[in-house]
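Chemist: everything below, folded, please.
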Amino acid sequence: MTSTAVAPAASGAAAVRRPRRLRALWLLIAAAVLVALAAASVAVGSREVGWDDIVAALGGATDGFDRAAVATRIPRTLLAVLAGAALAVSGAVMQGVTRNPLADPGILGVNMGASLAVVTGIAFFGLASASAQIWVAIAGAAIAAVFVYVVGSLGRGGATPLKLALAGAATSAALVSFTSAIVLPRGDISDSVRSWQIGGVGGATAASIQQVLPFVISGFVICLLSARGLNSLALGDELAAGLGERVALARGGAALGAVVLCGAVTAIAGPIGFVGLVVPHACRLLVGVDHRWLLPFSAVVGACLLTAADILGRVVARPAEIDVGIITALVGAPFFIAIVRRQKVKSL
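Modeler: As a prediction, the model looks like this:
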């Protein structure tokens, strides 16, 4: 990957530095908002539930319609929190690795690579267990990420943000076509796969949460350990190497964490887009570009965004619901267009 000028990156970093106390305050505020949204997610839906029933359901009681509803809302709330946090951190890491303000698991085709791998496994190999689907999704996400980066690096200038975005968009379109070609002739799996491809958390269960949790935790740990390396990469490859950073190792390790997070969540919740694009940009305005703060803050804000999107999808279409993948697309697409139109944004 070709390095960009050091001075703009350094000056940009200096311009958005924030005091440690202010960063901690924003993190606490975001955590408090997440707790409030999680409580609302359990209480609000096609039918509002009283706090007595919520407390009883948390204690294990599932008798009665209201308590049974709470028992189904708790796993989907947990999945919304996990998926939002994972996708936001994955997007922040991808933007740091590629120094591309347009990087996002959906835009770069990583989500669709995981999706195609899962659909192929289900259709041709009878892939049924959640753990197997997660492993296959991570492999598919990794292959798609490498392919997009290689294609975007071809030609003069290397892997520029625009070339990576175009390569990712073209790859996503091709992978969607391949997925449709596999699903359409298979009436036995088409309904469930089409619903899953929209991206949602409505089908969450305690078992699925237990299956995906170790992968999400592993991905978070890898990404957090890569935070210092991402800060070095922001200065440019040459300066990072001069400071003693192993550039290829730092970039590869961070990318691995992002792929694990994206692939694991996609296997359970489907390809949810734009969370990894919107959240890191918003978080940089509040806590700056230091990845040691940006990654945990992105995790909390991403969890807030997806939980809020799930609540909104349940409220606006009562008694039916709108999947979170549609809500995030409605929010993220205008944001993506706004970033593209900012001609001064060439790299992070």
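Chemist: tally up the residues packed near Ile189, please.
Modeler: 14 (other Cβ atoms under 10 Å). Quick note: C-beta positions are derived from backbone N, CA and C, even for glycine.
Chemist: okay, it: pLDDT?
Modeler: pLDDT recorded at Ile189 is 86.
Chemist: show me what contacts it?
Modeler: Residues counted as contacts of Ile189 (Cβ atoms under 8 Å, 6 or more residues apart in numbering) are Ile122, Ala123, Val183.
Chemist: show me those that map onto helices.
Modeler: Of the positions in these, Ile122, Ala123, Val183 sit in helices, assigned by DSSP state H.
Chemist: got a winner among those for most neighbours?
Modeler: Ile122 (22 neighbours).
Chemist: find the nearest non-adjacent residue to that residue, please.
Modeler: Leaving aside its chain neighbours, Ile122 sits nearest to Ile189 (5.8 Å; criterion: Cβ to Cβ, 6 or more residues apart in numbering).
Chemist: can I get the ones in helices among the contacts of Ile189 in TSV with distance to Gly244?
Modeler: Converted to TSV, those look like this (distance: Cβ to Cβ, whole Å):
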residue	distance to Gly244
Ile122	46
Ala123	48
Val183	49
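Chemist: out of these, flag the one nearest to Ile138.
Modeler: Ile122 (15.6 Å; Cβ to Cβ).
Chemist: which ones are touching that closest one?
Modeler: For Ile122, counting by Cβ under 8 Å, 6+ apart, the contacting residues are Ala128, Gln133, Ile189, Val193.
Chemist: ditto for Val146
Modeler: Going by Cβ under 8 Å, 6+ apart, the list of residues near Val146 is empty.
Chemist: can you list the buried residues in the helix or strand containing Ala86?
Modeler: Using DSSP states H and E, Ala86 sits within helix 65-98. Across helix 65-98, burial judged by 16 or more other Cβ atoms under 10 Å covers 66-67, 69-98.
Chemist: with stretch 153-164 instead?
Modeler: Neighbour-count burial for stretch 153-164 [16+ other Cβ under 10 Å]: Ser153, Ala159, Thr160, Pro161, Lys163, Leu164.
Chemist: can I get those residues in TSV with secondary structure, distance to Ala204 and pLDDT?
Modeler: Shown next, in TSV, are the buried residues of stretch 153-164 (DSSP: H, G, I helix; E, B strand; the rest coil; distance: Cβ to Cβ, whole Å; pLDDT from 0 to 100):
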residue	secondary structure	distance to Ala204	pLDDT
Ser153	helix	38	87
Ala159	coil	36	75
Thr160	coil	38	77
Pro161	helix	34	75
Lys163	helix	37	86
Leu164	helix	32	86
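Chemist: what's the farthest-apart pair in those?
Modeler: For these, the maximum inter-member distance is 12.2 Å, found between Ser153 and Pro161 (Cβ to Cβ).
Chemist: and the spatially most central residue of the chain, what does it touch?
Modeler: Of all residues in the chain, the one closest to the mean position by Cα atoms, centre = their mean is Leu87, 1.2 Å from it. By Cβ under 8 Å, 6+ apart, the contact list for Leu87 reads Pro105, Leu261, Cys262, Val265, Ile272, Val275, Gly276, Val279, Gly302, Leu306.
Chemist: restricted to helices, list those residues.
Modeler: Short answer: the contacts of Leu87 in helices (DSSP H) are Leu261, Cys262, Val265, Val275, Gly276, Val279, Gly302, Leu306.
Chemist: which of these lies closest to Ala174?
Modeler: Taking Cβ to Cβ as the measure, Cys262 is the one of the ones in helices among the contacts of Leu87 closest to Ala174, at 18.2 Å.
Chemist: quick one: pLDDT of that closest one?
Modeler: 96.
Chemist: who does the helix or strand hosting Leu230 touch, helix- and strand-wise?
Modeler: In this structure, Leu230 sits in helix 227-233 according to DSSP H and E. Under the contact criterion of 3 or more Cβ pairs under 8 Å, 6 or more residues apart in numbering; DSSP states H and E, helix 227-233 touches helix 65-98, helix 237-242, helix 247-269, helix 291-315.
Chemist: nearest to Ser115, of those helices?
Modeler: The closest of the helices and strands packed on helix 227-233 to Ser115 is helix 247-269. By Cβ to Cβ, the value is 6.1 Å.
Chemist: centre of the chain to that closest one, how far?
Modeler: 10 Å (Cα atoms, centre = their mean, to the nearest Å).
Chemist: would you put the C-alpha positions of that helix in CSV?
Modeler: Output of helix 247-269 as CSV, limited to C-alpha atoms (Å, rounded to 0.1, in the frame of the first residue of the first chain):
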residue,chain,number,x,y,z
VAL,A,247,3.8,-2.1,9.0
ALA,A,248,2.7,-5.3,7.3
LEU,A,249,2.2,-7.1,10.7
ALA,A,250,0.2,-4.1,12.1
ARG,A,251,-2.0,-3.9,9.1
GLY,A,252,-2.5,-7.6,8.8
GLY,A,253,-3.4,-8.0,12.5
ALA,A,254,-5.8,-5.2,12.6
ALA,A,255,-7.5,-6.4,9.4
LEU,A,256,-7.8,-9.9,10.9
GLY,A,257,-9.7,-8.5,13.9
ALA,A,258,-12.0,-6.5,11.6
VAL,A,259,-12.7,-9.6,9.4
VAL,A,260,-13.5,-11.8,12.4
LEU,A,261,-16.0,-9.2,13.8
CYS,A,262,-17.7,-8.6,10.5
GLY,A,263,-17.9,-12.3,9.4
ALA,A,264,-19.2,-13.5,12.8
VAL,A,265,-21.9,-10.9,13.0
THR,A,266,-22.9,-11.4,9.4
ALA,A,267,-23.4,-15.1,9.9
ILE,A,268,-25.9,-14.5,12.7
ALA,A,269,-27.6,-11.2,11.7
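Chemist: kind regards, and thank you for your time.
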